[in-house]
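Student: no sequence on this one, just coordinates:
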């Protein structure tokens, strides 16, 4: 039974209040209470309490109309995170934080209109390549609102999807790969001047074509020195809270075993011995260690754990600046690997399998450019072929 309580106001006068249980919030599943105060007498407070209880009994628990988009998004996210990988959750949270919530978070769900949605999507189409994804995520949240009967219709379903704005580049974009000479120069520099682990990292990126997360997630049991292969069956994903999370790879085709050259295997064999000695200095014996990361961290906060996904980015940026090298991204080494495979006359199917692409179109669209050396040799190849 709800109790009427007497209290003293700031001006010294006496007033009455009550705190009543409203029921369970159907959206959150949590108990909901409300406090009413400022009554001049117990009789006035009891009358207000009785009216409130009658309203709850007749109409049920109502909070839908007052729910903000941000509140509903948080409820939706708690359910959504159980349906996708942690890396996808992280991407989703980033999308909402950077683009979606600034446009929607303070709006009441039932006040969001199709015209507002249309205006926002039009703006996104001029600013972001991912504007279709943003629209789809908002639609998912509002679909959840209809499921919970917060609203009857989803205003985002009625918008007209704008076409992407085609931006004319003022200058030709930089090609994000190294040719053979540039790669050799890069690796020679870090082999001579940087820690061995840094050299191993970029050697693996360049000579396997593995994705950043795949290379960071490699463990010694993935390397078969006898068969001369490396197995990619997992990836390190960036999570919502920047923790290290090893998960299944991007697609089924991402699981693959690739051949590795003798020189890279020699580098790995030397690094395995060096790493064991180094970790022993920290009191870690890797002799019987299962799933020992090849590129284990020696940072006190993550001793012998996988490095975070930003580690290669940080190292590469530092190396390029220190030695005044041509700009390239970490993903550019995957691009480099594909380019050199094509230059070595590997087939598109072989490159697709080695890189773990699901669709051969990805290989065709992204990696079938020719290197400058191949461009320069085109005329010579033609003249040699026709021979007159």
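Tutor: That came in fine, so what should we check first? Bear in mind that the values here come from a model prediction, so they are computed numbers and not experimental data.
Student: helices and strands of the chain: which one has the lowest mean pLDDT?
Tutor: Sorting the helices and strands of the chain by mean pLDDT, DSSP states H and E puts helix 372-386 at the bottom, at a mean of 64.
Student: how does this structure divide up, domain by domain?
Tutor: Domains of the chain are assigned by the TED database as 4-59, 69-148, 180-331.
Student: so for residue 341, which of these sits nearest?
Tutor: Smallest distance to residue 341 across the domains of the chain (Cβ to Cβ): 7.6 Å, for domain 180-331. All C-beta spots, glycine's among them, are computed from the backbone N, C-alpha and C.
Student: roughly how far does the residue in the chain sticking out farthest from the centre sit from residue 49?
Tutor: Relative to the mean C-alpha coordinate of the chain, counting by Cα atoms, centre = their mean, the farthest residue is residue 43 (58.3 Å). Taking Cβ to Cβ, to the nearest Å as the measure, residue 43 falls 11 Å from residue 49.
Student: next structured bit after the one helix or strand residue 87 maps to?
Tutor: Residue 87 is part of helix 86-95, with elements assigned from DSSP states H and E. As assigned by DSSP H and E, the chain's next helix or strand after helix 86-95 is helix 101-104.
Student: low-scoring stretches of the stretch 51-200 of the chain, by residue?
Tutor: By pLDDT under 70, the weakly predicted segments of the stretch 51-200 of the chain are 58-65, 166-174.
Student: which residues does the residue nearest the centre of the chain contact?
Tutor: The centre of the chain sits closest to residue 91, judged by Cα atoms, centre = their mean, with a distance of 3.7 Å. Under the criterion of Cβ atoms under 8 Å, 6 or more residues apart in numbering, residue 91 has no contact partners.
Student: can we see that at 10 Å?
Tutor: 84, 85, 130, 133, 237, 238, 240 (Cβ atoms under 10 Å, 6 or more residues apart in numbering).
Student: in TSV: those residues, plus neighbour count, distance to residue 193 and secondary structure.
Tutor: TSV is the format used below for the contacts of residue 91 (neighbours: other Cβ atoms under 10 Å; distance: Cβ to Cβ, whole Å; DSSP: H, G, I helix; E, B strand; the rest coil):
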residue	neighbour count	distance to residue 193	secondary structure
84	11	42	coil
85	16	37	coil
130	15	39	coil
133	16	41	helix
237	24	31	strand
238	19	29	strand
240	16	36	coil
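Student: dump these to CSV, plus distance to residue 224.
Tutor: Formatted as CSV, the contacts of residue 91 follow (distance: Cβ to Cβ, whole Å):
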residue, distance to residue 224
84, 32
85, 27
130, 39
133, 39
237, 25
238, 28
240, 35
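Student: and which of these is nearest to residue 124?
Tutor: The shortest approach to residue 124 among these belongs to residue 130, at 8.3 Å (Cβ to Cβ).
Student: for the nearest residue to that closest one once chain neighbours are set aside, what are its contacts?
Tutor: Leaving out its chain neighbours, the residue that sits closest to residue 130 by Cβ to Cβ, 6 or more residues apart in numbering is residue 95, at 7.1 Å. By Cβ under 10 Å, 6+ apart, the residues touching residue 95 are 101, 128, 130, 133, 134, 136, 137, 138.
Student: which residues in the stretch 251-388 of the chain form helices?
Tutor: Using DSSP state H, counting those that start in this stretch, the helices found in the stretch 251-388 of the chain span residues 262-280, 311-323, 331-343, 348-355, 360-367, 372-386.
Student: what's the spacing between the fourth one and its chain's center?
Tutor: With Cα atoms, centre = their mean, to the nearest Å as the basis, helix 348-355 stands 25 Å off its chain's centre.
Student: got the angle between that helix and helix 331-343?
Tutor: Orientation of helix 348-355 against helix 331-343 (axes from the mean of the first three to the mean of the last three Cα atoms, to 10 degrees) gives an angle of 150 degrees.
Student: quick one: buried residues of the host helix or strand of residue 185?
Tutor: Using DSSP H and E, residue 185 falls within helix 180-193. Buried residues in helix 180-193, counted by 16 or more other Cβ atoms under 10 Å: 183, 186, 187, 190.
Student: pretty sure the first one sits against residue 343.
Tutor: Read it as residue 183. No. With contact defined as Cβ atoms under 10 Å, residue 183 and residue 343 do not form a contacting pair (11.3 Å).
Student: the lengthiest strand in the chain: which residues count as buried?
Tutor: When the chain is parsed with DSSP state E, its longest strand is strand 14-24. Using 16+ other Cβ under 10 Å as the test for burial, strand 14-24 gives 15, 16, 17, 18, 20, 22.
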